[in-house]
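Asks: I would like to see how this sequence folds:
(chains A, B, C and D)
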Protein chains: 2
Amino acid sequence: MPATPRHTSRARVEAKESSILDAAERIFAQAGFDGAKVSDIARAASVAEGTVYLYYKNKQDLLAGVVGRFWTQLTLGAEAAIEPKGTTTEQLEQLGRYHLQSLLNQFEVVSLTYRARPQQEQDLDQVREYVRVFDRIMQRGVDRGELPKDTPIGQLRDVFFGTLEFSARTLKLRERSYDHSVVTNLLSIMVGSTDAAAGKPKGKEPSNQDLMNTLKSIQKQLKTLWRLIIDWS
Amino acid sequence: MPATPRHTSRARVEAKESSILDAAERIFAQAGFDGAKVSDIARAASVAEGTVYLYYKNKQDLLAGVVGRFWTQLTLGAEAAIEPKGTTTEQLEQLGRYHLQSLLNQFEVVSLTYRARPQQEQDLDQVREYVRVFDRIMQRGVDRGELPKDTPIGQLRDVFFGTLEFSARTLKLRERSYDHSVVTNLLSIMVGSTDAAAGKPKGKEPSNQDLMNTLKSIQKQLKTLWRLIIDWS
DNA sequence: ATTTAAAATGAGTTCGACTCATTATACGGA
DNA sequence: TCCGTATAATGAGTCGAACTCATTTTAAAT
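Replies: Next up, the predicted model:
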């Protein structure tokens, strides 16, 4: 059986491929896609420039490798971060937390994602795979009866990831760090849970206006609930 | 008064600058940032390649010009699309409609926005200007008492633009066209019922705190109702 | 009509992505 | 252990597009 030599050889090849990816990720994150020179990446990986092109068709393809691996790892991390026995809300909160934190901690690599889908091309497979973690949580919630059967998972997915992505950008712009209330508020909006978003006005007597607003908020919840149950297309 | 010649000269210069921007927008939208050659843009604008560099420091700067002008025009369009006398919810719906439609109709140019903020740099001024349209609507809503005084405008802004941006991407990916329900559902999640003009003046026998307690109890009932419905399925 | 300043030109330079002829390495058989 | 062959690696050289700048053209002022 010639498996052993082939195996070691293959392992060696994969080690090299991985070390190129490591170097590329470092340089890309540091200098951005345009600022990174392939020759720099090659030097950082201790290979010749031409060698890079044995593993990746071109610079774009190399970027796709880096970004793809990143999202694959993110998917694994997300799945690990989720308590399998938790309620849907708990799981969503865990995913939201993990997602926002990852976006912030690895902002440079995440930003590279945009460069990896050149011109309105399809999303990266790995990104779609990642997004399915959300879908699975929601589907489980529906199956377990924690969510309405006709929950518009697709639309909520856009709200979930869209909001978190935009929030991450905003936080980064304002140079603020992770803020758990972003996730909490988002979930309270999405799922309609009442206790999460409630402010804590202590000592102040609520005005009639405050009451009116609370009333409207309840109307909102009712309408949302109604829609969710009855007639959401 | 030497204004006239100077004025015509200036007008001529601006016309040329604008025609370069027109050409650049066309070529960029068609071929993407990397695919677009400055020489092509110059030819399309009927100037020499060097002339482009008299008006814009480099290709990046030219892109910033294109994208900046786009968002400025979008701001004007948004303001025109909003009925000044409408309720907050109506105005939000108008903005949401306009925003989503613009994202979809001019997807290519919008995508270029990402390329115009090279490396975690600050957002474009024009984009921030655009976003303020939302802030103004919300602030007016608070001032008119249609929204709670402590409305987290910043967070809702992230929800609003984040969701619409993500939805636009999703729609484009699935090759679907504008879908008004996206906006409607988003608003029902964000603000709630469309008939926001509920009654205002009432007699006030019980203390506000009493009312508040009653309202919160209603919220709890809602939650129970929610569970009830869940158990049904 | 002449001078002078401003605007425009495009051939030439630069630099980095990518190629490919050459060299080094790994592996199987004698 | 040595040789032959296939596979992997190399880096000098090619190619092309962004950008420059010496020169020319155009416009304004006198």
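Asks: which SSE is immediately downstream of the host helix or strand of A:Gly68?
Replies: Per DSSP states H and E, A:Gly68 falls inside helix A:59-81. Beyond helix A:59-81 on the C-terminal side, the first helix or strand identified by DSSP H and E is helix A:88-105.
Asks: do that next one and chain B meet at all?
Replies: No. Using Cβ under 8 Å from any Cβ of the partner chain, helix A:88-105 stays clear of chain B, coming no nearer than 10.4 Å. Every C-beta, even on glycine, is put in place using the N, C-alpha and C of the backbone.
Asks: what's in contact with that helix?
Replies: By Cβ atoms under 8 Å, 6 or more residues apart in numbering or on different chains, the residues outside helix A:88-105 that reach it are A:74, A:77-78, A:81-83, A:86, A:110, A:133-134, A:137-138, A:140-141, A:144, A:146-147, A:160-161, A:164-165, A:167-168, A:171-172, A:177-178, A:180, A:182-184, A:186-187, A:190-191, A:193.
Asks: of all residues in chain A, which one is nearest the centre?
Replies: Centroid-nearest residue in chain A: A:His99, 4.5 Å away (criterion: Cα atoms, centre = their mean).
Asks: so what's the residue lying closest to A:Ile153 once chain neighbours are set aside up against?
Replies: Leaving aside its chain neighbours, A:Ile153 sits nearest to A:Met138 (4.5 Å; criterion: Cβ to Cβ, 6 or more residues apart in numbering or on different chains). Contact analysis of A:Met138 by Cβ under 8 Å, 6+ apart lists A:88, A:147, A:151, A:153, A:156-157.
Asks: narrow those to those in helices?
Replies: Counting by DSSP state H, the part of the contacts of A:Met138 found in helices is A:88, A:153, A:156-157.
Asks: in a markdown table: those, plus neighbour count and pLDDT.
Replies: Shown next, in a markdown table, are these (neighbours: other Cβ atoms under 10 Å in any protein chain shown; pLDDT from 0 to 100):
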| residue | neighbour count | pLDDT |
| --- | --- | --- |
| A:Thr88 | 20 | 93 |
| A:Ile153 | 18 | 93 |
| A:Leu156 | 21 | 94 |
| A:Arg157 | 18 | 97 |
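Asks: among those residues, which one lies nearest to B:Gln219?
Replies: A:Thr88 (19.9 Å; Cβ to Cβ).
Asks: show me where chain A has its strands.
Replies: For chain A, no strands are identified by DSSP state E.
Asks: what stretches of it score poorly on pLDDT?
Replies: For chain A, the stretches with pLDDT under 70 are A:1-10, A:118-122, A:192-217, A:219-233.
Asks: what do you get if the cut-off is 80, keeping everything else the same?
Replies: Within chain A, the segments meeting pLDDT under 80 span A:1-14, A:118-123, A:150, A:191-233.
Asks: which parts of it sit against DNA strand D?
Replies: A:13, A:16, A:47-51, A:53-54 (Cβ under 7 Å from any atom of the strand).
Asks: 6 Å - rerun?
Replies: Neighbours of DNA strand D within chain A, by Cβ under 6 Å from any atom of the strand: A:13, A:16, A:47-51, A:54.
Asks: quick check: the residue nearest to A:Ile153 vs A:Val47, distance?
Replies: 44 Å (Cβ to Cβ, to the nearest Å).
Asks: mind checking how far the longest helix that chain A contains is from the chain centre?
Replies: Longest helix of chain A, by residue count under DSSP H: helix A:3-35. Taking Cα atoms, centre = their mean, to the nearest Å, one finds helix A:3-35 lying 24 Å from the centre of the chain it belongs to.
Asks: for stretch A:37-54, same thing?
Replies: 30 Å.
Asks: just the buried residues of it, please?
Replies: Within stretch A:37-54, the residues scored as buried using 16 or more other Cβ atoms under 10 Å in any protein chain shown are A:38, A:40-42, A:44-45, A:47, A:52.
Asks: identify the farthest-apart pair in these.
Replies: Counting by Cβ to Cβ, the most remote pair of these is A:Asp40 and A:Val47, 12.0 Å apart.
Asks: so is stretch A:46-60 next to chain B?
Replies: No. If you take Cβ under 8 Å from any Cβ as the test, stretch A:46-60 misses chain B, and the best it gets is 8.8 Å.
Asks: which residues sit against that stretch?
Replies: A:16-17, A:19-20, A:33, A:38-39, A:41-42, A:45, A:62, A:65, A:116, A:118.
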